[in-house]
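from the sequence below, what's the structure:
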Amino acid sequence: MDAEFARDMWKAVEPLHAVTYFSEECRTANKDVGLKGFWMGYFGSRAAPLGAVSAGTVEAAFFGFHPARVRRAVPDAWSFASPEAILRARSEAAARALRRACPGIEGVAEAAAPRLHEVVMAAEAAGRPLFAANRGLDVPDDPVEALWQAATALREHRGDGHVALLTAEGLNGLEANVLASAAGDVPAERLRQSRGWSPEEWDAAAGALARRGLMAGGEATEEGRALRARIERRTDELAAPPYGVLDDPEALHASLVPAARAVAAEMPFPNPIGLPRVG
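Got it, this is the predicted structure:
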């Protein structure tokens, strides 16, 4: 399977996963289970597959967030709700959000969830902690929950690979964010605030990138854009092999696109997760 198909699948799978960040159902579920505020809900629900881990583990695995933002939420999150309770709440809420946003999702899920699960099970977990943790969860009986869980595992598989490539290029989480915004992916101020960095820290990282020749005048240089393109291409290449298990990958992709478009209609663009518009 090639990199282009893997990227197309990311654009179809990511919106299905992303209801956990953008939908009212999921924000309310985090609150109802006991998590305090958006960011504790974010870190607690996304990290729950890992268990009651430390802040340092979340900082390393999530990559790009200010340590202080993480540490205001973790490990306190586990004193308000157990990972097991959070996992139940996040899965059920995601399914409610998908059913509301895409009324036809039931039929899509019944056909697509088993195929996506095949891809999940075919993927390599070595060096991918968030993917491995999500793959290790029991598959829900509810088909829409199962669809969301498979989509979540695959987006974390891609994300873990992306983080490995960024670190291999000598970019820390802050510098990766600054370079992404300088390349035009997400407005700098939106990304800076969402990840919790101060203006001074952001500017210092921009200075470090400028000294490497990756930025100039607040924008990515040709070298910086080439590095970003190379990382994105390699990310897609690393995400591609598991899809080779499918007997009709294009049909699976086509079945997911309408649901992805319906969900994406409720998402902000541009967004901090860097997802482009579907289709």
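
can we go C-alpha only for contacts and neighbour counts from here?
Will do.

what is the neighbour count of residue 101?
Around residue 101 sit 20 other residues, with neighbours defined as other C-alpha atoms under 10 Å.

now it: how far from residue 254?
Computed as C-alpha to C-alpha, to the nearest Å, the residue 101 to residue 254 distance reads 18 Å.

can you check residue 182 too?
33 Å.

and if you look at residue 111?
Applying C-alpha to C-alpha, one obtains 12 Å for the distance of residue 111 from residue 254.

same check, this time on residue 87
Taking C-alpha to C-alpha as the criterion, residue 87 is separated from residue 254 by 29 Å.

who has more neighbours out of the two?
Here residue 87 and residue 254 are set side by side on neighbour count (other C-alpha under 10 Å), and the busier one is residue 87, at 22 against 13.

next, count neighbours for the residue lying closest to that one once chain neighbours are set aside.
Nearest in space to residue 87, with sequence neighbours left out and distances taken as C-alpha to C-alpha, 6 or more residues apart in numbering, is residue 48 at 6.3 Å. Taking other C-alpha under 10 Å as the criterion, the count of residues near residue 48 is 24.

wait, isn't residue 48 in contact with residue 84?
Yes - applying C-alpha atoms under 8 Å as the test, residue 48 and residue 84 come out as touching, 7.3 Å apart.

in the stretch 151-279 of the chain, which spans are helices?
Under the criterion DSSP state H, counting those that start in this stretch, the stretch 151-279 of the chain contains helices at 173-182, 188-195, 199-211, 222-239, 249-264.

low-confidence regions, the stretch 151-279 of the chain specifically.
The stretch 151-279 of the chain contains residues with pLDDT under 70 at 279.

at 90 what do you get?
For the stretch 151-279 of the chain, applying pLDDT under 90 flags the ranges 184-186, 266-279.

quick check: the closest residue to residue 255 other than its chain neighbours vs residue 259, distance?
Using C-alpha to C-alpha, 6+ apart and skipping the chain neighbours, the partner closest in space to residue 255 is residue 108 (6.6 Å). In this structure, residue 108 lies at 8 Å from residue 259, with C-alpha to C-alpha as the measure.

circling back: A strand includes the residue nearest to residue 255, no?
No - in this structure, residue 108 is helix, not part of a strand, as judged by DSSP: H, G, I helix; E, B strand; the rest coil.

please look at it and residue 253 and confirm they touch.
No - the pair residue 108 and residue 253 does not pass the contact test of C-alpha under 8 Å, sitting 11.0 Å apart.

now do the contacts for residue 132.
125-126, 153, 157 (C-alpha atoms under 8 Å, 6 or more residues apart in numbering).

which among those end up buried?
125, 153, 157 (16 or more other C-alpha atoms under 10 Å).

of those, closest to residue 263?
Proximity of the buried ones among the contacts of residue 132 to residue 263 (C-alpha to C-alpha) peaks at residue 153, which lies at 18.0 Å.

list the buried ones in stretch 116-132?
Judged by neighbour count (16+ other C-alpha under 10 Å), stretch 116-132 contains these buried residues: 116-117, 119-121, 123, 125, 128-132.
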